[in-house]
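> okay, predicted coordinates and the sequence, questions at the end:
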Amino acid sequence: MMNFGYQEEGPPRSVGDIHLWRRISTFCMPYRTLLAFALFLSLLVTGATLSLPYLMQNGIDNYITNQLLSTELRLSGLGRTAIWYGSFIALLFLASFSQILTLEWIGQSIMHTIRQRLFLHLLELDMEFFNTHPTGKLVTRLTNDIQNMHEMFTSVIVTLFNDFLRLIGILILLFWINPELATTMTLFVPIALIITVFFARLARERFRAIRTQLAKLNSFLAEAIAGISILQLFGREESSKKTFNELSEGYLHRTLQQIKLFGTFMPLTEFMSSVAIALIIWHGGGEVIQKRLTLGEFVAFLSYMRLFFQPLRELSQKYSIVQSAMASAERIFQLLDTENRISQPANPVKVQKFKGELQFTNVSFNYEKNTPVLDNISLNLPAGQTIALVGTTGSGKTTLVNLLLRFYDPQKGNITLDDINIADLDLKELRTIIGVIHQDVFILQDTLFANIVLDTGCSRQTVEKILQRTGMTRFINRLPGGLDTLIGEGGQELSTGEKQLLAFARVLCRAPEILILDEATAAIDTESENILEEAIADSFKGRTSLIIAHRLSTIRRADQIIVMSHGKIVEQGSHDQLLREDSHYAKLVAIDLKDGHPLE
């Protein structure tokens, strides 16, 4: 079965992995005071829990069965014992409530910190990383894996401390009440531990299988919902339904396996507890009859034995949670340790104003080994000129833009801006200098004004001037709320042409020195194209512009046309020059005019 972007990496991590615990502890350090408070509450919870059977013993031996006291004294003593019992119950409730609240707050805060750090780290990684890591896998890191760690922080770490304290305390009290009977009961401890460890190992694999299958299910859902239009267009609903059913049944099967395991382990532990209690009743009861053990001590002993087996029943599940959390922590830290291959310069070059001259010198690049996409490209884009890149799909046009924006670095050669290697410029500044308009426009669920301005801080007056200057006010006036129209999901739907106009306005707000149109006019209507003609004419004034376009009308306005094929420049010149020759460009134009399709 397909993994849908998710695959477990290696076997589960050992609970004793010190290096991993050390890294996890760095996220806990800011909350060490609260963790210490939670541990203090553990002492209160354990103390209150272990006090209850003792109070029962005290009430039975000193008041209920004590014939030496008067009825009045016995009743008043029982009343005081009941008050103490109620007080310890209240203390147990308050301490448990406070502990749960504290641990949940710590757990949620730590997970929030990890989630934020992980997401911010993802935003800084290069495009090559995202090409080799499926979306489903990354979504799983930010959701399932972080949730696994949350369960460990809130449900396991301090509660394990609680259970350990309780077990030690119970053993001490059992030996204090009756050493002989306690020694008999300790024979059950190694048996219980062996069974618990055995089932813990089985449960670890079951939990791991459940989480893996759930991650696959989530990944498939994310991909299916994101590509719902494609599924419907190509009639893939039945195939998707079948795949989803297989994944869902796989999850059900693995969950039922886990339920069967615990359906065996829990009754087995309960059976051991019942056998132990039966022995206590037989042996301890005989001790009571022979007056070697009081009735109160006998009842307390029974209560402590019930408390003793409770944490053992939960130990295997908690152990599995820790194992799963350790595996998740390792995957999260692996992602956090992934370095951005596009390095920031240690001392970036500062320039007051760029002219916009671009130079590609002997640039070669490939996405995969031995499959060149660009082969020894040398190209000059003079400042203030408009250059058009033309070529069939896969000829390397968009790759040139990706290299210019440093989404990737070339394996060979270099790219300069005003004679400065772009690798020596601050990455954020470089991407501010270059404005790119893509065919696919990302829309925020916000007003049109907010979608245009983004993080530029442009005033409303500035935006209105840009819209007037480029002739885009006709587009704005058609919208019900003008610039305040809510667009995106749940708002006003924009046509492809309107989205392109928005993209132009968005880029012009940044006032870039270099403008790139990456097939920005390939799929728009005639009316939008007419408005865009005005916007393009205004945008190109006084700035270096690079066009990757399929529309002949856009290409013709270029000062120079570069024709690419199989990662190489095959022709270069103006529209008229290239048409006069028996050129590759002329053939492309002829095909375009003959078929009535955009120039490819």
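Good, I have the coordinates. Numbering: from 1, shown residues only.

> surely residue 182 and residue 188 touch.
No - the criterion here is C-beta atoms under 8 Å, and residue 182 misses it with residue 188 at 11.0 Å. No exception for glycine: its C-beta is placed from N, CA and C like everyone else's.

> what do the two both touch?
Counting by C-beta atoms under 8 Å, 6 or more residues apart in numbering, residue 182 and residue 188 have no contacts in common.

> now the helix or strand hosting residue 161: buried residues?
According to DSSP states H and E, residue 161 maps onto helix 157-177. Buried residues in helix 157-177, counted by 16 or more other C-beta atoms under 10 Å: 157-160, 162-163, 165-167, 169-171, 173-174, 177.

> can you check stretch 63-74 too?
Residues 63, 74 are the ones in stretch 63-74 that count as buried (16+ other C-beta under 10 Å).

> how long is that stretch end to end?
5 Å (C-alpha to C-alpha, to the nearest Å).

> run through who's touching that stretch.
For stretch 63-74, the external contacting residues (C-beta under 8 Å, 6+ apart) are 75, 77, 78, 81, 294, 295, 296.

> nearest to residue 461 among those?
The closest of these to residue 461 turns out to be residue 81 (C-beta to C-beta; 79.6 Å).

> just give me the neighbour total for the nearest residue to that closest one once chain neighbours are set aside.
Excluding the flanking residues, the one nearest residue 81 by C-beta to C-beta, 6 or more residues apart in numbering is residue 59, at 4.1 Å. The tally of other residues near residue 59 (other C-beta atoms under 10 Å) stands at 22.

> same deal with residue 238?
8.

> check the one 3 residues further on too.
Close neighbours of residue 241, defined as other C-beta under 10 Å, add up to 12.

> check contacts around residue 561.
Residue 561 touches 387, 388, 390, 555, 571, 572, 573, 574, 575, 578, 585, counting by C-beta under 8 Å, 6+ apart.

> now it, what's its secondary structure?
strand (DSSP: H, G, I helix; E, B strand; the rest coil).

> what sits closest to it if chain neighbours are left out?
residue 388 (4.7 Å).

> and that neighbour, what element?
Secondary-structure element containing residue 388, defined by DSSP H and E: strand 386-391.

> run through the neighbouring helices and strands of that strand.
If contacts are counted by 3 or more C-beta pairs under 8 Å, 6 or more residues apart in numbering; DSSP states H and E, strand 386-391 sits against helix 397-404, strand 544-548, helix 552-556, strand 560-565.

> enumerate the positions of it that are buried.
For strand 386-391, a neighbour-count test (16+ other C-beta under 10 Å) marks 386, 387, 388, 389, 390, 391 as buried.

> low-confidence ranges, the stretch 301-450 of the chain, go.
316-317, 320 (pLDDT under 70).

> check the stretch 1-150 of the chain too.
In the stretch 1-150 of the chain (pLDDT under 70), the answer is 1-17.

> mind running it again at 80?
1-18, 131-137, 139-140, 144 (pLDDT under 80).

> which parts of it are helices?
Using DSSP state H, counting those that start in this stretch, the helices found in the stretch 1-150 of the chain span residues 18-28, 32-59, 71-124, 127-132, 135-140, 146-155.

> among the ones you listed, which is nearest residue 414?
Taking C-beta to C-beta, helix 127-132 is the member of the helices of the stretch 1-150 of the chain nearest to residue 414, at 18.5 Å.

> run a quick neighbour tally on residue 80.
With other C-beta under 10 Å as criterion, residue 80 counts 13.

> scratch that, residue 371
For residue 371, the neighbour count with other C-beta under 10 Å is 8.

> cool, residue 411 as well?
12.

> roughly how far apart are it and residue 370?
12 Å (C-beta to C-beta, to the nearest Å).

> now residue 397
Residue 397 is 22 Å from residue 370, by C-beta to C-beta.

> of those two, which one has the most company?
In this view residue 397 and residue 370 are compared by other C-beta under 10 Å, and residue 397 has more residues nearby, 22 against 5.

> quick one: contacts for the more buried one?
With the criterion set at C-beta under 8 Å, 6+ apart, residue 397 makes contact with 389, 390, 391, 548, 564.

> try 10 Å
Applying C-beta atoms under 10 Å, 6 or more residues apart in numbering to residue 397 gives the contacts 374, 388-391, 518-519, 546-549, 562, 564.

> what is the most widely separated pair among those residues?
Longest span within the contacts of residue 397, C-beta to C-beta: 374 and 549, 19.2 Å.

> follow-up on the earlier one: any idea what the residue nearest to residue 561 is bridged to?
Counting by DSSP bridges, residue 388 is bridged to residue 547, residue 561.

> center of the chain, which residue is that?
Residue closest to the average C-alpha location in the chain (C-alpha atoms, centre = their mean): residue 142, at 1.6 Å.

> dump the residue contacts of it.
Here residue 142 is in contact with 114, 115, 118, 119, 122, 332, 335 (C-beta under 10 Å, 6+ apart).

> do the same with residue 80
Residues near residue 80 by C-beta under 10 Å, 6+ apart: 58, 59, 63.

> then residue 237?
224, 228, 231.

> residue 487 versus the second one, what's the distance?
Remark: distance between residue 228 and residue 487 (C-beta to C-beta) = 20 Å.

> go on, the first one?
From residue 224 over to residue 487 the distance is 25 Å, taken as C-beta to C-beta.

> the two: which is more packed in?
Neighbour count, other C-beta under 10 Å: between residue 224 and residue 487, residue 487 has more, with 22 against 18.

> which stretch of helix or strand covers residue 430?
helix 427-433.

> and that helix, C-alpha only, in CSV?
Taking Å, rounded to 0.1, in the frame of the first residue of the first chain, the C-alpha atoms of helix 427-433 are listed here in CSV:
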residue,chain,number,x,y,z
LEU,A,427,18.2,36.9,0.6
LYS,A,428,15.2,38.9,1.9
GLU,A,429,16.5,42.1,0.2
LEU,A,430,17.1,40.2,-3.1
ARG,A,431,13.5,39.0,-3.2
THR,A,432,12.3,42.5,-2.4
ILE,A,433,14.3,44.0,-5.3
